[in-house]
Structures are given as C-alpha cells and as structure tokens.
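>>> From the sequence below, what's the structure:
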Amino acid sequence: MSPAHLSNQNGDKDWENGSNASSPASVPEYTGPRLFKEPSLKSNKFIIHNALSHCCLAGKVNESQKNKIMEEMEKSSANHFLILLRDANCQFRAIYTLDGQSDELQRLCGVGPRVICCSAMEAIYKYSSDRKQFSVLPSRTVSMSVDAFTIPAHLWNTKKHGTPKKAATPK
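So this is what the prediction gives:
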C-alpha cells in the first residue's frame, strides 16, 4: 500500500488523486439545533439568564426555582427584564419587566412589590458576564444597560395581620 493510501485512511488529503478522504459531498449537511444565537440588542434576556445561572441562583439547590423563572420569562412578551435584589449582597428576590412607555416596573415572578416606580430605586446594577458579578452603576436613570436594582428597606416592611394574642388571665 502506498503512503498516499495510508494517509487517506487517516482522513488526510490524498495528494495523488487530489481529493479528501471525507469530501464535502460525503458529509451530510448539519440540520440540528443552532448552537450559537446572536444576541439581540433589544432584549437582555440572555444576560439575565446568565446572572441567574452563575450568580443569583447558581447550583443544583436553586435549579427548580431558576427553571420556573426562565419559563415565565419565555412566556413574557417583554424585552427588558430586571432583577430585584434584596440589598448590596445581591440576594435574588424577583424578576421585573420594564415597560418602555411608563415609568413603572411590573413584577413577573418572585417576592416583592407588584409595581415599582423607577424613582423608588435605591441603587442600579449592571451584570458582568465575564466576572460573573454585579457592579453598581453611578447613575439613577433606568436604561437598557441596567440589569438589576435594589429598593429602600422601608418598601420591604409589610404589615402582617396576625391573630391577636390572648391576654393572660389572672388567677
């Protein structure tokens, strides 16, 4: 067997005949799912997904909650999502959608006020996918570059109506 035929068996080019061992005609066209999806400039859905997966709800313990949130985001027609964080420690609380026409955020899922006015935000954050962490933005203006926010502590304090305690009866 000539060296050209040996290299042909290894998948290298057959220099004598000028053909490849696996020519493009013999390789079927790839018809599977697209592995790369170009990011849309109009939506931050993929950034929020990364923030939830790698920072806010990382690990197996949070997988069911993360999947439920991702389902809600897929069902939503909104383009811009924001994560409500409890405080500067970046503890996840809820996902909100930003309506371009109004100055309000609507809760999509999670724990927090149903509607938040943009002026009620305490701090705003941008998620860095390469560092896998949130960084504070010095601005107070909500734009497409904002991925998360916190609200003042007094908005977290809700009055709970419990059953009144019985007064001790004297003996």
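>>> all helices in this protein, in order from the N-terminus.
3-9, 45-51, 63-75 (DSSP state H).
>>> Number of residues surrounding the nearest residue to Cys109 once chain neighbours are set aside?
Setting aside the residues directly before and after it, Cys109 is nearest to Glu72 in space (C-beta to C-beta, 6 or more residues apart in numbering), at 4.6 Å. From N, CA and C alone the C-beta is placed, and that goes for glycine too. Look at Glu72: counted by other C-beta atoms under 10 Å, it has 15 neighbours.
>>> next one: the one 4 residues further on
Counted by other C-beta under 10 Å, the residues lying close to Ser76 total 15.
>>> Might you report the residue contacts of it?
Thr97, Leu108 (C-beta atoms under 8 Å, 6 or more residues apart in numbering).
>>> mind checking how far it is from Tyr96?
To Tyr96, Ser76 is 11 Å away according to C-beta to C-beta, to the nearest Å.
>>> Same check on Met70?
Distance from Met70 to Tyr96, by C-beta to C-beta: 15 Å.
>>> which of the two has more neighbours?
Neighbours around Met70 and Tyr96, counted as other C-beta under 10 Å, are more numerous at Tyr96. The numbers are 26 against 17.
>>> and the residue nearest to that one when sequence neighbours are not counted, how many residues sit next to it?
Take Tyr96 and drop its neighbours on the chain: the residue closest to it by C-beta to C-beta, 6+ apart is Leu105, 4.0 Å away. Neighbour count of Leu105, defined by other C-beta under 10 Å: 28.
>>> Show me what Leu105 bridges to in the sheet.
Beta-bridge partners of Leu105, counted by DSSP bridges, are Leu98, Ile116.
>>> Thought His80 was touching it, still the case?
No - Leu105 lies out of contact with His80 (C-beta atoms under 8 Å); the separation is 9.6 Å.
>>> Between those two, which contacts overlap?
Thr97, Leu98.
>>> how about the nearest residue to Asp103 once chain neighbours are set aside, what does it touch?
Closest residue to Asp103 apart from its sequence neighbours, by C-beta to C-beta, 6+ apart: Cys118 at 4.9 Å. Applying C-beta under 8 Å, 6+ apart to Cys118 gives the contacts Asp103, Glu104, Leu105, Val142.
>>> Of those residues, which is the nearest to Tyr125?
The closest of the contacts of Cys118 to Tyr125 turns out to be Val142 (C-beta to C-beta; 11.4 Å).
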